[in-house]
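[1] dropping the sequence and predicted coords here.
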Amino acid sequence: MDLTTQGYLANVQCVEVWCPMTGPFMREYLTASTARMKQLLYVMNPAKLRATEFLVNFHEERGDKIIVFSDLVYSLKMYADMLKKPLIYGETPERERQAILGTFRTS
């Protein structure tokens, strides 16, 4: 499925944004005993949350369409809740997935 030619995605330019961890998060990250805990700390970094919120608001004000991706479902759910946006992940039913994509495409 080519989402660009079907109108779901625009041609885009991707940019990586690095967000330094806050002091308390960095301390926990450096002493975390499991890879899972390190992953939770880097995806839930408060600086990353603020940067995401800023970028979503900035691009919405310009009329851009936005999709936020995450490598961890937990953070994706938190971001969607914080930003009051729909989310799609592995357990999203096909009907709901198509409705969200349809709204995205036509709005």
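    Here it is on my side, so go on.

[2] okay, now Val17: neighbour count?
    Around Val17 sit 9 other residues, with neighbours defined as other C-beta atoms under 10 Å. Backbone N, C-alpha and C define where each C-beta goes, glycine included.

[3] that should have said Gly90, apologies.
    Burial of Gly90, expressed as a neighbour count using other C-beta under 10 Å, amounts to 5.

[4] now do the contacts for it.
    Each residue near Gly90 by C-beta atoms under 8 Å, 6 or more residues apart in numbering is listed here: Val73.

[5] which of the residues in the longest helix along the chain are buried?
    Of all the elements of type helix in the chain, the one with the most residues (DSSP state H) is helix 46-61. Of the residues in helix 46-61, 48-49, 52, 56 count as buried by neighbour count, 16 or more other C-beta atoms under 10 Å.

[6] what's the first helix or strand after that helix?
    helix 73-83 (DSSP states H and E).

[7] buried stuff in whatever helix or strand comes next after that next one?
    The first helix or strand that comes after helix 73-83 along the chain, using DSSP H and E, is helix 94-106. For helix 94-106, burial by neighbour count (16+ other C-beta under 10 Å) applies to 101, 104.

[8] in terms of pLDDT, where does the nearest residue to Met37 once chain neighbours are set aside sit?
    In space, and not counting its chain neighbours, Met37 is closest to Glu28: 7.7 Å by C-beta to C-beta, 6 or more residues apart in numbering. Predicted confidence (pLDDT) at Glu28: the value is 94.

[9] could you list the low-pLDDT ranges of this protein?
    Applying pLDDT under 70 to the chain picks out residues 1.
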